[in-house]
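> Got a predicted model here, sequence first, then my questions.
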Amino acid sequence: MPFSISTFSAPPGAIPLCSNVRRFPHCSYHIAPNRLRSRRASNFCQIFHGLRLWISESLSLLQHDGKSGQTQKFKTIKNHKGDEFEKPFEETSSQAQQVPEAVLKSNLSSDSNSERTKISTHPAASENLQSDAPDSSGSSGSLPQSLMSNRIIGDKEVPSLCIAVIGATGELATRKIFPALFALYYSGFLPENVGIFGYSRKNITDEELRSIISATLTCRIDHQQNCSDKMDAFLSRTFHVNGGYDNNKGMSKLNFLMEQIERYSEANRIFYLSVPQNALLDVALSLSSKAQTKKGWNRVIIEKPFGFDMKSSHFLTKSLLSQFEENQIYRIDHLLGKNLIENLTVLRFANLVFQPLWSRTFISSVQVILSEELGVQTKRFLDGGGIIGDIVHSHILQTIALLAMEPPISLDGEAIRNEKVKLLRSIRPLEPSDVVLGQYKSSAKDKVDLFLDDLTPTYFAGALYIDNARWDGVPFLIKSGLGLIKHCVEIRIQFRQVPGNIYREHIGYNSASTTNEIILRDVPEEAILVRVNNKVPGLGLRLDSPELNLLYKDKYNVDVPDSYEHLLLDVIDGDSHLFMRSDELAVAWNILTPILNEIKENNIKPELYEFGGRGPIGAYYLWAKHGVRWVEE
C-alpha cells in the first residue's frame, strides 16, 4: 500500500548516527537540486537514513530475542557465585589424563553415544539461543560499544573474526596460544575488529583472565614500538566465558557474546580445542550445534594425540566428521610450524641445483633426528604408544612426507596433502627387526615424571623404506627420544660416494666421513649446512670435509616467530598443508600398527637407557645394519 515518508519519524538519536551520508551515497544524487532546496534535501536524507537504521536494528533485536528489550542485546554473562568446581576443565595435553582405549572401545559400541554425535542439518534441529542466552538479571554489564561497531573500508564492511580458546587457563593456552595470538595482533595479521574469548570452567572475571594472560605476553625486539598500547588494545578485546559443566549452555553463552561483536557483518570463527582427549568429543559436539556462525566460515583446531592407535583414531575421526566438514578441521602439531619444515619444500622445488639430486641415484640415506634434553615432562606418554603416538606418528612421518613427496601441481594445501598421502601409502609397514625402543631410567633427583608403564617407550629408532621409483632402497632412519644428553632437531641427507673417485687414496680409511651431506637444523642453531670435500691450504695434498653454513642468526637480523604463530596464521588464511587430513591419519597409523601390536602382545620391550645419556645401544647397531654412518648429536 502506498505511504508517505513524512508520516514516519525516526527514533531519538537516529539522525546523528546517520549524519554521515557517504555511507548511503545514492541519496545525495537521487534528490535533484532543481526539485528540492538543499536544506530540505538534507533533512529528508537524515530522516530516511534514521528510519533505515531504526528498522534494521529493530528487526535484528526482534530476531535475536523477541521478549527482551534493546538493552539485553548488549549484556554479558555474569559468573554465578555458586558455580564452584573441584578441579579445572582446562588440563593441557601435557598434564591431562588421557582417555583410555577401553573408553574409546565402549564408545564404539554405545548406541546412545553414537546417537548423540548425529547432528541434523535441518534448521529446526538447533535449539533457539533465546532459551540459553543470559537474562538481564544475570548480566555483569555490557561489552564496550567500540567493540561492536563494524569496520568499513570504502563501502564494504570488513568481516569480523572471533577466536575462542577452549581450556583458556591451561598451561598450553597461557604459555603458547594467547602469546601467539597477541604476536599476530601487534604484527597486523589479525583484523582490528577481532574478538578473543577464553572459555573455561573457572569462575573468573574478564580482568582476572587478562591478568593471567598479560604475564606471558611479550613483544619481539623488532616490534617494540607502541608495545604497551598494542598489549592494552589486545587485552581489551579478550573476554572470559564461564562454560560450567554443561557445554551446551556454555557454548550458547559463547555464541551470544560473539554475536555482540559481529553484529550484522560477515562473521568468521576459529575454535581452538585445548582440552584433554576425554573431553574432546563432548566439546566438539556442543560447539557444532551451539556456537557455529552462519554468516561466514567456522574452523576448529584440534591438538594431538589424534587417537592412540588405528581403532581409536578411526573413532575420533568418524565422530568429528559427523559434526564438521573435513576442510573445517585443523589437526595441529606445533613442531610442523618450525621454519625448518616450511623450508623443506622451498629447498627442493625452488633450487635447480638440488632438484636432479633428490632421488635414490644420488642420495644414500636420510636421517630425521629429534632428541629432547633433561627436564622434559612426560605425562603425555602415559599411554602404551608413548613417543610413537606423540612424535613419530605426526611430526616424523609428516617431515618425511614433505621431504620425499613428488612435486605438487601448486602450493594449494590440498595439492600438497594429496602428494603427502601418496608418499605415505608407499612406506612399508614397520617390522620389529627394524625398530629399537627405549625407556629412560631415572631417580627422584632427576625431577621428572616416574609414572611410566613398563612398556611405554620414551625413545624410538626405526628404519623406513619407501617403495616407489624415486626412493627404492634408500633407508629413512628415525631417531627420537626424551631425556637425552641434549636437544637436537635436524635432518641429514647423506649422498653416495663419488664413483671412481681419483682422490680416494688421499681420503684415508674412513671414506664415509667424506661423503657430501645437506644438514637442515632447527636446534641448537637454525641453519642450513652443506658438507663438501676441500683441499687443506698448504703444501701437499690433504682433503678435509668442512661445512659451508648459512646461520639464520647471522644472515637474517629478525626474530624467528614461534611455531604457534605460524600455524595459527595458516588457519586464519585457510592454508591446510601443514595439518593432517583424515586419510593421512589413517595411513600413518597403518605404518606404525605392527609395532604397536607387538608392544601390546609383549613381544617387544623397550631397552633401558640412562637419563641424560645418548639413548639405547641397540640404535647404534640398527644404523650399522642399514649401512648408515652414526652421527653424535
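That came in fine, so what should we check first?
> quick one: low-confidence ranges for the stretch 101-250 of the chain?
Scanning the stretch 101-250 of the chain for pLDDT under 70 picks out the ranges 101-158, 221-224.
> Strands along that one, start to end?
In the stretch 101-250 of the chain, the segments counted as strands under DSSP state E, counting those that start in this stretch are 152-153, 156-157, 160-166, 194-200, 238-242.
> Format those strands as CSV; extra columns: distance to residue 276 and mean neighbour count.
Quick note: C-beta positions are derived from backbone N, CA and C, even for glycine. Supplementary listing: these in CSV, determined by distance: least, Cβ to Cβ, whole Å; neighbours: other Cβ atoms under 10 Å:
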stretch, distance to residue 276, mean neighbour count
strand 152-153, 41, 10
strand 156-157, 39, 12
strand 160-166, 11, 27
strand 194-200, 13, 26
strand 238-242, 19, 24
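> between the ones you listed, which one is nearest to residue 352?
strand 160-166 (39.9 Å; Cβ to Cβ).
> tell me the angle that closest one makes with strand 238-242.
Counting by axes from the mean of the first three to the mean of the last three Cα atoms, to 10 degrees, strand 160-166 lies at 50 degrees to strand 238-242.
> What helices and strands are in contact with strand 160-166?
If contacts are counted by 3 or more Cβ pairs under 8 Å, 6 or more residues apart in numbering; DSSP states H and E, strand 160-166 sits against helix 178-186, strand 194-200, helix 247-262, strand 267-273, helix 277-290.
> Burial-wise, tell me which of these comes out on top.
Among the helices and strands packed on strand 160-166, strand 194-200 has the highest mean neighbour count (mean count of other Cβ atoms under 10 Å), at a mean of 26.
> Pull it out as PDB, backbone CA atoms only.
Output of strand 194-200 as PDB, limited to C-alpha atoms (Å, rounded to 0.1, in the frame of the first residue of the first chain):
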ATOM      1  CA  VAL A 194      38.800  -9.300  16.300                       C
ATOM      2  CA  GLY A 195      37.300 -10.700  19.500                       C
ATOM      3  CA  ILE A 196      39.300 -13.200  21.700                       C
ATOM      4  CA  PHE A 197      37.400 -15.400  24.000                       C
ATOM      5  CA  GLY A 198      38.800 -17.600  26.700                       C
ATOM      6  CA  TYR A 199      36.400 -20.500  27.600                       C
ATOM      7  CA  SER A 200      36.900 -22.500  30.800                       C
END
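> For the stretch 351-500 of the chain, which segments count as helices?
With DSSP state H, counting those that start in this stretch as the criterion, the stretch 351-500 of the chain has helices at 387, 397-404, 413-425.
> Got the domain ranges for this structure?
Using the TED database, the domain parsing of the chain gives 157-303, 336-558+580-626.
> Buried residues, stretch 581-590. List them.
Residues of stretch 581-590 classed as buried: 581-589 (neighbour count, 16 or more other Cβ atoms under 10 Å).
> of those residues, closest to residue 228?
Ranked by distance to residue 228 (Cβ to Cβ), these are led by residue 581 at 41.5 Å.
> Regarding the closest residue to residue 268 other than its chain neighbours, what is its secondary structure?
In space, and not counting its chain neighbours, residue 268 is closest to residue 296: 4.0 Å by Cβ to Cβ, 6 or more residues apart in numbering. What DSSP: H, G, I helix; E, B strand; the rest coil gives for residue 296 is coil.
> right, and the strands of the stretch 101-250 of the chain - which one's nearest residue 340?
Among those, strand 160-166 comes nearest to residue 340, with 26.6 Å by Cβ to Cβ.
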